[in-house]
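Engineer: Any chance you can model this:
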Amino acid sequence: MKRILFPTDFSEVATNAFVHALEFAKQVKGELVLLHTFEIPVYDSQFFPENFAIIYNSLELSKFEMFKDQIPKLREIAEGRNLDDIVMNHRLMDGDLVYNMKKAIKEDSIDFVVMGTSGISGWENFFLGTNTDAVISGVEVPILCVPGESEFKKVKTIGFTTRYREKDKKELHKVLTIAKKMNAKVKCLYVRTQNTDVSDATIKEWEADFKDEPIQFLVLPCEEVKETILDFVLYKDIDVLAMIAYKRSFFESLFHPSFTKKLTKDIAIPVLIMHEQ
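Structural biologist: Numbering: from 1, shown residues only. From the prediction side, this is the model:
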């Protein structure tokens, strides 16, 4: 059974993403591990010599009580969608979110992460913030990022952007596996610029390798890569966009404010981040 990590702060954005996590778990026959992290403020014990431990214990208890109160609400959502048979486990952890995500992924043998993103600032902080290198290098499982404005709907088509690297094939196979569980098809996009180093022979080789799979390859010549990807999502009826995290420079060039705003606000579709192996 697949294990899906769902980090949540119990906000509206996270609750919306929880619906996607439930439906995803249903499709891949998985179980959910709900993760809530919190950071206790740092106090200097010399200023609170007598009640130092009491302060920490009270903060931890308040976080536990909030966590305990929120879980029944999530179970109620699952029941309302007839998905209350999905197994849900819980983790309440103190400390940095990214660090705790890595720890939970390792300790709980996590296969996927599903998490909400709160619009443009959330995307910028996640992809371009100080934790980017840690996330990309440390979280090696696929991450489904769900915009707050994204309502769940049946996934019929998954878009996959590629640079036709040999390593991309492994990730494309993973996406195909997910697509088949959802009874969906895959549309694979390559934006061909003047500086391309991908030959026609390579493209034909890929088409031959995947000829028996529910996949369509599209090669679009254009110098405007970001705009072409957005048009691809809009006009090819893409329900989920899968992209490979090659390296930080890729995200710096692609996930800039105007691009992320269109994805999270205007188009509002989930983005599946695959990790180059």
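Engineer: pLDDT weak spots in the stretch 1-150 of the chain?
Structural biologist: The stretch 1-150 of the chain contains residues with pLDDT under 70 at 39-65, 118-138.
Engineer: run the last query once more with 80
Structural biologist: Applying pLDDT under 80 to the stretch 1-150 of the chain flags residues 1, 38-69, 95-96, 117-140.
Engineer: Run through the helices of it in chain order.
Structural biologist: Residue ranges of the helices in the stretch 1-150 of the chain, as given by DSSP state H, counting those that start in this stretch, are 12-28, 52-80, 97-107, 119-123, 132-138.
Engineer: count of neighbours near N183?
Structural biologist: 11 (other Cβ atoms under 10 Å). Every residue, glycine included, has its C-beta placed from N, CA and C.
Engineer: Please apply the same query to I215.
Structural biologist: Other residues lying near I215 total 19 when counted by other Cβ under 10 Å.
Engineer: Residues in a beta bridge with the closest residue to it other than its chain neighbours, which ones?
Structural biologist: Nearest residue to I215 in three dimensions, chain neighbours excluded: V186, at 4.4 Å (Cβ to Cβ, 6 or more residues apart in numbering). Judged by DSSP bridges, the bridge partners of V186 are I158, I215.
Engineer: List the contacts of V186.
Structural biologist: Shown in contact with V186 (Cβ atoms under 8 Å, 6 or more residues apart in numbering): T157, I158, G159, F160, L172, V175, L176, A179, E213, P214, I215, Q216.
Engineer: Repeat that for L220.
Structural biologist: L220 is in contact with L189, Y190, V191, R192, T228, F232, counting by Cβ under 8 Å, 6+ apart.
Engineer: how near is it to D111?
Structural biologist: From L220 across to D111, the span is 32 Å (Cβ to Cβ, to the nearest Å).
Engineer: Do you have the helices of the stretch 151-277 of the chain handy? List them.
Structural biologist: Using DSSP H, counting those that start in this stretch, the helices of the stretch 151-277 of the chain run over 166-181, 200-209, 225-235, 248-254, 257-261.
Engineer: circling back: neighbour-wise, give me the winner out of the contacts of V186.
Structural biologist: Among the contacts of V186, F160 has the most neighbours (other Cβ under 10 Å), with 26 neighbours.
Engineer: so how far is I273 from it?
Structural biologist: For F160, the distance to I273 equals 12 Å [Cβ to Cβ].
Engineer: do the same with K2
Structural biologist: K2 sits 17 Å away from I273, going by Cβ to Cβ.
Engineer: Those two: which has the busier surroundings?
Structural biologist: Remark: of K2 and I273, I273 carries more neighbours, 21 against 16, as counted by other Cβ under 10 Å.
Engineer: and V240, what is it in contact with?
Structural biologist: Per Cβ under 8 Å, 6+ apart, neighbours of V240: L144, V155, I158, G159, I269, P270, V271, L272.
Engineer: ok, what's across the strand from A245?
Structural biologist: Following DSSP bridges, A245 is listed with bridge partners H275.
Engineer: residues near it, how many?
Structural biologist: Count around A245 with other Cβ under 10 Å applied: 21.
Engineer: What is the burial count for the closest residue to H20 other than its chain neighbours?
Structural biologist: Once flanking residues are discounted, H20 sits nearest to V146: 4.8 Å by Cβ to Cβ, 6+ apart. For V146, the neighbour count with other Cβ under 10 Å is 27.
Engineer: if I look at V146, how far off is A17?
Structural biologist: According to Cβ to Cβ, V146 and A17 sit 4 Å apart.
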